[in-house]
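Colleague: Structure of the sequence below:
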Amino acid sequence: MFKSTFLGAALALAPFAVSAQQTLTAETTSVGSTPHYIDTTFAAALESAGVATLQITEGATLTNSVKAVAEGRLDIAPAPLILPFLLSRGIGPYSGVGAEAGKELAANIRVIFFHAGSHQIFAYYNSNPIEDITKLDGKRIWNGPPRGAALTSGRATVQLLSGLKEGEGYEGVQTPWPDAIPTITGGSVDAWTAPDGLPSGRQVRVAAAGATTIHDIPSALYNSELGKQITAAPGHAPFSMPVEEYRAAYAGNDITIVTDDDTFDSYSTAFGEIVPAGMDEQLVFDIVTAFLGSQERFEKGAPIGPNLNLTFGDIDGKSQGACGAVQVKMHPGAIRAYEAAGFSVADCLRP
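Modeller: Below you'll find the model as predicted:
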């Protein structure tokens, strides 16, 4: 992993109530991913506002980052919402924590804003095409990092497409996020599936090594019972976009987009930016106020910006992938900042 401090421009936004600029620790995913863009842009916004300097560790495994925030060892991290759900039950990657301790840790997590800027794709190199994405027997498929929410979603996608479970028909390949692109471009896998933004810097870099094809989930599978279960699973939300808009996002890159109708259908990974429950309320208020005042920076800072689904407005909970199976709460300082900006926050998100 790589650690760096992101400093924003020297522009001054509105004054904030903090007496001195804070230095906070944060972790995020690797360069080219949606959480990385959000967190580095967030860091620049906080620096410009004079609120805080974020010392960000890149290439982190968010399973570990979520636990670190819950334990109070880390100040800020992007959390796929399935992870607090699993932690609260002490299952999956947190099975070693146990149910009782997991519940206590999850209770120490608070969301300051939500986003759903990534959705699941399935892709391969045109030089080694997969003729039928529903027949993946014998294939080597990169399906995520060694553990965590992305791996869970990757395995679910391959199972939905082909009916196969990892190790029972296909070989799953996992590497840490910083090694994902070299693994794919090195030719050691036949295909890959990953949660990506639009356009994805990761997919653009992969396509620079050779033409690729990206598929959505075929309509019959997407609307099947299993498809509906996966789309509604904790940490997921439905994603659908007119295919021509989707193709336009990759214009100029050697990437072919394939769907069976006029929409690109998949499921999003629901995220919340999290902090420890005990973080100072005024500090969180200032942080979130700076975030809400930086919408233009987020949306114009990169091509991916308009498709981040960041919560710059009312928060109903359900649209963000919360208030259902996933029961997360927002920090009181964040709620106060949203209300001060004239937005509403659902009662189910209040501590």
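Colleague: low pLDDT regions in this structure?
Modeller: For the chain, the stretches flagged by pLDDT under 70 are 1-20.
Colleague: biggest helix in it by residues?
Modeller: helix 34-49 (DSSP state H).
Colleague: Following the chain past it, name the next helix or strand.
Modeller: Using DSSP states H and E, the helix or strand that follows helix 34-49 in sequence is strand 52-58.
Colleague: quick one: strands adjacent to that next one?
Modeller: Note on strand 52-58: by DSSP bridges, its sheet partners are strand 2-5 (antiparallel), strand 22-27 (parallel).
Colleague: For the last one, what is the distance to the chain centroid?
Modeller: The reference is to strand 22-27. 19 Å (C-alpha atoms, centre = their mean, to the nearest Å).
Colleague: Flag every buried residue along that strand.
Modeller: By 16 or more other C-beta atoms under 10 Å, the buried positions in strand 22-27 come out as 22, 24-27. Using the backbone N, CA and C atoms, a C-beta is placed for each residue, glycine as well.
Colleague: same deal with stretch 310-325?
Modeller: 310-312, 315, 317, 319-323.
Colleague: Pick the one among those residues closest to residue 162.
Modeller: Distances from residue 162 to the buried residues of stretch 310-325, taken as C-beta to C-beta, are shortest for residue 321 (25.8 Å).
Colleague: show me the residues around that closest one that make contact.
Modeller: Counting by C-beta atoms under 8 Å, 6 or more residues apart in numbering, residue 321 touches 81, 114, 116, 234-237, 268, 270.
Colleague: Need the residues you listed in JSON lines (columns: neighbour count).
Modeller: JSON lines is the format used below for the contacts of residue 321 (neighbours: other C-beta atoms under 10 Å):
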{"residue": "81", "neighbour count": "29"}
{"residue": "114", "neighbour count": "22"}
{"residue": "116", "neighbour count": "28"}
{"residue": "234", "neighbour count": "20"}
{"residue": "235", "neighbour count": "24"}
{"residue": "236", "neighbour count": "29"}
{"residue": "237", "neighbour count": "19"}
{"residue": "268", "neighbour count": "23"}
{"residue": "270", "neighbour count": "25"}
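Colleague: Mark which of those residues are part of helices, please.
Modeller: Among the contacts of residue 321, no member falls in helices (DSSP H).
Colleague: where does residue 185 fall, phi/psi-wise?
Modeller: phi -70, psi -20 (degrees, to the nearest 10).
Colleague: My understanding was that residue 293 contacts residue 51; is that so?
Modeller: No - shown here, residue 293 and residue 51 do not form a contact pair, counting by C-beta atoms under 8 Å, at 10.5 Å.
Colleague: wait, is residue 161 part of a strand?
Modeller: No - Residue 161 is assigned helix when assessed by DSSP: H, G, I helix; E, B strand; the rest coil, not a strand.
Colleague: State the distance from it to residue 66.
Modeller: Residue 161 is 28 Å from residue 66, where distance means C-beta to C-beta, to the nearest Å.
Colleague: and if you look at residue 231?
Modeller: Taking C-beta to C-beta as the measure, residue 231 falls 22 Å from residue 66.
Colleague: Those two: which is more packed in?
Modeller: residue 66 (31 against 21; other C-beta atoms under 10 Å).
Colleague: Three-state assignment for the more buried one, please.
Modeller: Assigned with three-state DSSP, residue 66 falls in the helix class.
Colleague: for residue 296, same thing?
Modeller: Reduced to three states with three-state DSSP, the structure at residue 296 is helix.
Colleague: can you tell me which residues contact it?
Modeller: Residues near residue 296 by C-beta under 8 Å, 6+ apart: none.
Colleague: Now do it against residue 41, distance only.
Modeller: Shown here: residue 296 relative to residue 41, a distance of 11 Å by C-beta to C-beta.
Colleague: now do residue 156
Modeller: Here residue 156 is placed at a distance of 29 Å from residue 41 (C-beta to C-beta).
Colleague: repeat for residue 47
Modeller: From residue 47 to residue 41 the distance is 11 Å (C-beta to C-beta).
Colleague: Residue 222 too?
Modeller: Separation of residue 222 from residue 41 (C-beta to C-beta): 31 Å.
Colleague: Could you do residue 321 as well?
Modeller: To residue 41, residue 321 is 21 Å away according to C-beta to C-beta.
Colleague: got the buried residues for stretch 142-156?
Modeller: Buried residues in stretch 142-156, counted by 16+ other C-beta under 10 Å: 142-145, 147-156.
Colleague: Could you tell me which of those residues belong to strands?
Modeller: 142-144 (DSSP state E).
Colleague: Residue 311 and residue 117 touch, don't they?
Modeller: No - checked against C-beta under 8 Å, the pair residue 311 and residue 117 is beyond contact range at 11.3 Å.
Colleague: which residues does residue 21 contact?
Modeller: Contacts of residue 21 by C-beta under 8 Å, 6+ apart are 50-53.
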